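Student: Using only what follows, build the 3D model:
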Amino acid sequence: MRDVYIIGAYSTQFKKWPEKSFKDLTKDAYMGVLEDSNFTNGDLIQFAWFSNCFMGFWQQMNIRGHVCFIPLVREGLFPERIPIINVEGACASGSMAFHGAYKDILSGECEVSLAIGVEKVWNPDLDRQSLFSMFDVGIDNFNREETIESYMHAAEKCEERFEPGPGRTMFMDTYAIQARYHMWKYGTNQRQIAFGAAKNHYYGSLNPKAQYQFDISLEQILEDRLVSYPLTRSMCAPIGDGAAACLLCSGDFLSNLSASEKNRAVKVCASVIAGGKYRQPDEASLSRVASQKAYTKAGIEPHDIDVVELHDATSFGEIYQAEMLGFCPEGKGGTFIESGATTLEGKIPMNTSGGLVSKGHPVGATGLSMIYELVAQLRGEAGRRQVKNAEFALQENGGGVIGLEEAACSIIILQNN
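Tutor: Predicted coordinates for the structure are as follows:
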């Protein structure tokens, strides 16, 4: 096995980009990651992994990455005949592309591999409900009734009702019933969920790449429009577009770069992906399984992690994943977040990018944008969001839904070089 390093990371700003095409966003992320890697062009790239989920709604069902790279090949910016693998795994797509590039290097398949994620979710030609219905492709549609039954079962256990409704995605109802179950079992409350949301909106106000760049108080979050109890609009990720990319290389390749390039390289200590199942409400999630494998691969423990980017499509996710990732005991996520443990001054800063609720969540690009933030933190380049003396960073990125958990979960552990 060989050492794997990130030598370039980039993300566009996440926002509604009606004036930009998929090809435009691809070029933005690609040129950004080349510049960050100090590459004048892509001649040294030997393999590429392209993640996307929703291009099919714009009539491009297949060969998505190949199509988006046509202009770059024609302009001599990307080498001809390079293999491009298209990846789709719902919200974990970008992390799957990263995992593919990581294994390229780890296995000796090549010396330099690219992972890029591009997404346009916002479509001004669709009404709100049609826009939300796009997300239904991320659940088990061959056995939809089993999905609904799993939510109803969890709701009945905590003497609640599962009632999906208009004006939101199925995912918001899913997160809501998990939050209500956690509230019933452990005493977690809506204010604790709002605390995490307020923290992340504050981080988003410091992040020029964030979709929402404004601070919002805890009380304003609680008073915001209800989406699906206990989740208000400010606790939920917005709809937007964007792209992100990482360039990975081997230790041998890195050894031939300049001292400044070596100093900015970030080591990949572990990249683990776990698959979901129809779990019971009291059963640990796949993120616990994946994180334990990642800690073992990296040779560290949860207490060694200095900064975390985790999947908070809703702010309840930060409470739950803090438990699953081993940062606090099960059932104590609410009090852990409320204590300030995940602030910049706290025990383990989380979602310094603003998280998905503030930075944004263009599905196919999300996982790679999380890595971009962690790379910036480990390089000491995060500005006012900088975590002091960060050595180890962890990314948790879930994708799709199988009952009460994600269909896929990525855990990536990085170390400054």
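Student: Number of residues surrounding the spatially closest residue to Gly76 that is not a sequence neighbour?
Tutor: For Gly76, ignoring the flanking residues on the chain, the nearest one in space by C-beta to C-beta, 6 or more residues apart in numbering is Asn41 at 6.8 Å. The C-beta positions use only the backbone N, C-alpha and C, and glycine is treated the same way. Number of residues near Asn41 (other C-beta atoms under 10 Å) recorded here: 14.
Student: so who does Asn41 touch?
Tutor: For Asn41, the contacting residues are 34, 76-78, by C-beta atoms under 8 Å, 6 or more residues apart in numbering.
Student: Among these, which are located in helices?
Tutor: Those of the contacts of Asn41 mapping onto helices are Leu34, per DSSP state H.
Student: Validate this expectation: the residue nearest to Gly76 resides in a helix.
Tutor: No - using DSSP: H, G, I helix; E, B strand; the rest coil, the assignment for Asn41 is coil, not a helix.
Student: what's the first-to-last distance across stretch 355-368?
Tutor: 13 Å (C-alpha to C-alpha, to the nearest Å).
Student: That should have said stretch 74-93, apologies.
Tutor: Between the opening and closing residues of stretch 74-93 lies a distance of 27 Å (C-alpha to C-alpha).
Student: coming back round to it: out of the contacts of Asn41, what pair is the most spread apart?
Tutor: Taking C-beta to C-beta as the measure, the contacts of Asn41 span a maximum distance of 12.5 Å, between Leu34 and Gly76.
Student: the more surrounded of those two?
Tutor: Leu34 (21 against 11).
Student: any idea of the mean pLDDT for stretch 70-82?
Tutor: For stretch 70-82, mean pLDDT is 97.
Student: no no, stretch 386-395
Tutor: Averaging pLDDT along stretch 386-395 gives 98.
Student: Buried residues in it, which are they?
Tutor: Across stretch 386-395, burial judged by 16 or more other C-beta atoms under 10 Å covers 386-387, 390, 392-395.
Student: Looking at these, spot the one nearest Val357.
Tutor: For these, the nearest to Val357 is Gln395 (16.4 Å; C-beta to C-beta).
Student: ok, the residue nearest to the closest one when sequence neighbours are not counted - how many residues close by?
Tutor: Nearest residue to Gln395, sequence neighbours excluded (C-beta to C-beta, 6+ apart): Ile412, at 4.3 Å. Using other C-beta under 10 Å, Ile412 has 28 other residues around it.
Student: cool, and Leu378?
Tutor: The burial count for Leu378: 26, using other C-beta under 10 Å.
Student: List the contacts of it.
Tutor: When contacts are counted by C-beta under 8 Å, 6+ apart, Leu378 is found next to 266, 307, 390-391, 393, 414-416.
Student: Val375 too?
Tutor: Each residue near Val375 by C-beta under 8 Å, 6+ apart is listed here: 6, 9, 246, 266, 414.
Student: let's see it at 6 Å
Tutor: Contacts for Val375 were tallied using C-beta atoms under 6 Å, 6 or more residues apart in numbering; they are 6, 9, 266.
Student: got a pLDDT number for it?
Tutor: 98.
Student: Not counting residues beside it along the chain, what's closest to it?
Tutor: Ala9 (4.1 Å).
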